[in-house]
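Student: sequence and predicted model, in that order:
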Amino acid sequence: MQFKAMIISNREVSPGYFRMRMTAPPEMKDARPGQFVMVRVRNAIDPLLRRPFGIFDIGINEAEYPGQGPQVYLEILYKVVGKGTETLSTYHHGDHLDILAPLGTGFAADTPDEEKILVGGGIGLAPLYYLARKLVDKHRVRLFIGGRNRDDILCVTEFERLGVETYVATDDGTLGDRGFVTEVMERHLLAEQRAKTIFACGPMPMLKAVAEISRRTGTPCQVSLEAYMACGMGACLGCVVKGKEHAEDSPDYRCVCKDGPVFDFSQLLWI
């Protein structure tokens with residue numbers, strides 16, 4: 001769908017990180033965790049391209065004025081890294097954005113195992129909150145959050161309110177364990193011998209480490225990739241990654257926007 005969304009709130013949740021809530025049509029309630037939206041950040045030529053953002057949450061907002069019915073809302077979580085996100089950070093309640101959504105392939109969360117392991121690095125946490133909300137009623141859910149320092153650790157309280165067991169690791173040790181979040185995850189993964197599935201989103205080095213742990217331990221794993229996107233629908237081929245069958249004489253490319261952004265880790269070439 002393409003729709004106009006009115007911004008309800010746009011607040012800074014950590015230095016340089018923002019959580020934006022906006023109105024959305026009722027059909028957005030059918031969006032799957034792991035899908036994303038493309039946002040036109042300005043009604044101008046510069047910046048020209050829409051920006052992709054994972055769906056952080058979708059829910060029902062109580063009526064703001066008498067006589068209004070409940071309103072579906074959409075939330076995104078973003079980091080200010082360039083002109084587009086810098087522009088987004090200046091918007092306030094009542095401003096409007098042009099949205100394409102929902103796009104891409106989401107997480108396949110209906111796996112029969114007992115426990116779900118969520119792994120997020122930095123802004124890669126964004127699509128995992130909506131996934132956690134869908135899982136906690138039926139499964140034990142554990143979340144592992146990693147970042148360079150405490151400012152990169154987002155929304156811990158929100159996950160804990162859902163009933164998610166949360167573990168934190170930072171590179172400099174300013175919050176939680178010192179070291180990589182994948183090391184913390186692997187220790188917990190090996191400590192209990194029960195069926196699990198891993199859902200991960202974050203920078204590529206983290207995802208490569210998660211994929212290797214999944215391969216080594218035989219744990220099913222789905223990864224959500226981050227990529228620069230121009231169209232969001234597989235037309236421009238600007239966000240391709242190598243599939244597992246890729247070779248110089250027989251290319252195997254997958255579009256992150258259309259074939260993903262969520263993939264089974266075994267479908268990708270991690271070299």
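Tutor: Received, thanks. Residues are numbered from 1 along each chain as shown.
Student: all the helices of the stretch 151-271 of the chain, in order from the start?
Tutor: For the stretch 151-271 of the chain, the helices defined by DSSP state H, counting those that start in this stretch cover 156-162, 181-191, 204-217.
Student: who are the packing partners of the shortest one?
Tutor: Right, helix 156-162. Secondary-structure packing of helix 156-162 (3 or more Cβ pairs under 8 Å, 6 or more residues apart in numbering; DSSP states H and E): helix 128-135, strand 140-147, strand 165-170. Using the backbone N, CA and C atoms, a C-beta is placed for each residue, glycine as well.
Student: okay, buried residues for it please.
Tutor: Residues V156, E158, F159 are the ones in helix 156-162 that count as buried (16 or more other Cβ atoms under 10 Å).
Student: what sits up against the longest strand along the chain?
Tutor: Of all segments of type strand in the chain, defined using DSSP state E, the longest is strand 2-14. When contacts are defined by Cβ atoms under 8 Å, 6 or more residues apart in numbering, strand 2-14 is touched by residues 18-25, 61, 73-74, 77, 88-89, 91-101, 151-155.
Student: how big is the angle separating that strand from strand 140-147?
Tutor: On the basis of axes from the mean of the first three to the mean of the last three Cα atoms, to 10 degrees, strand 2-14 is oriented at 70 degrees to strand 140-147.
Student: quick one: low-confidence residue ranges for the stretch 101-250 of the chain.
Tutor: Counting by pLDDT under 70, not a single residue of the stretch 101-250 of the chain qualifies.
Student: swap in 80 and give it another go.
Tutor: Within the stretch 101-250 of the chain, the stretches with pLDDT under 80 are 111-114, 192-194.
Student: residue contacts, L143?
Tutor: Residues in contact with L143, defined by Cβ under 8 Å, 6+ apart, are L118, V119, G120, L128, A132, F159, V164, E165, T166, Y167.
Student: related to what we said a few turns ago, show me what counts as buried in the longest strand of the chain.
Tutor: Within strand 2-14, the residues that count as buried by 16+ other Cβ under 10 Å are F3, A5, I7, I8, N10.
Student: would you mind giving those as TSV with pLDDT and distance to G146 added?
Tutor: Formatted as TSV, these follow (pLDDT from 0 to 100; distance: Cβ to Cβ, whole Å):
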residue	pLDDT	distance to G146
F3	97	34
A5	97	31
I7	96	30
I8	95	30
N10	98	26
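Student: which residues does N61 bridge with?
Tutor: When bridges are called by DSSP bridges, N61 pairs up with Q71.
Student: domains for this structure, by residue range?
Tutor: For the chain, automatic domain parsing gives the domain ranges 2-103, 115-226.
Student: which of those is buried the deepest?
Tutor: Highest mean neighbour count among the domains of the chain (mean count of other Cβ atoms under 10 Å): domain 115-226, with a mean of 19.
Student: how long is it from one end to the other?
Tutor: With Cα to Cα, to the nearest Å as the measure, domain 115-226 spans 25 Å from end to end.
Student: chain center to it, what's the gap?
Tutor: 12 Å (Cα atoms, centre = their mean, to the nearest Å).
Student: and I271, what pLDDT?
Tutor: pLDDT recorded at I271 is 66.
Student: cool, E62 as well?
Tutor: In this prediction, E62 carries a pLDDT score of 69.
Student: same check on G84?
Tutor: Confidence at G84, expressed as pLDDT, is 93.
Student: likewise for the one 4 residues further on?
Tutor: Residue-level confidence at L88 comes out at 96, pLDDT.
Student: how about the nearest residue to it, chain neighbours excluded?
Tutor: V41 (5.5 Å; Cβ to Cβ, 6 or more residues apart in numbering).
Student: what sits against that neighbour?
Tutor: By Cβ under 8 Å, 6+ apart, the contact list for V41 reads P47, R50, R51, G84, T85, T87, L88, L97.
Student: before we move on, back to that, out of the helices of the stretch 151-271 of the chain, nearest to E114?
Tutor: E114 sits nearest to helix 181-191 of all these, at 13.2 Å, using Cβ to Cβ.
Student: no more questions from me, cheers.
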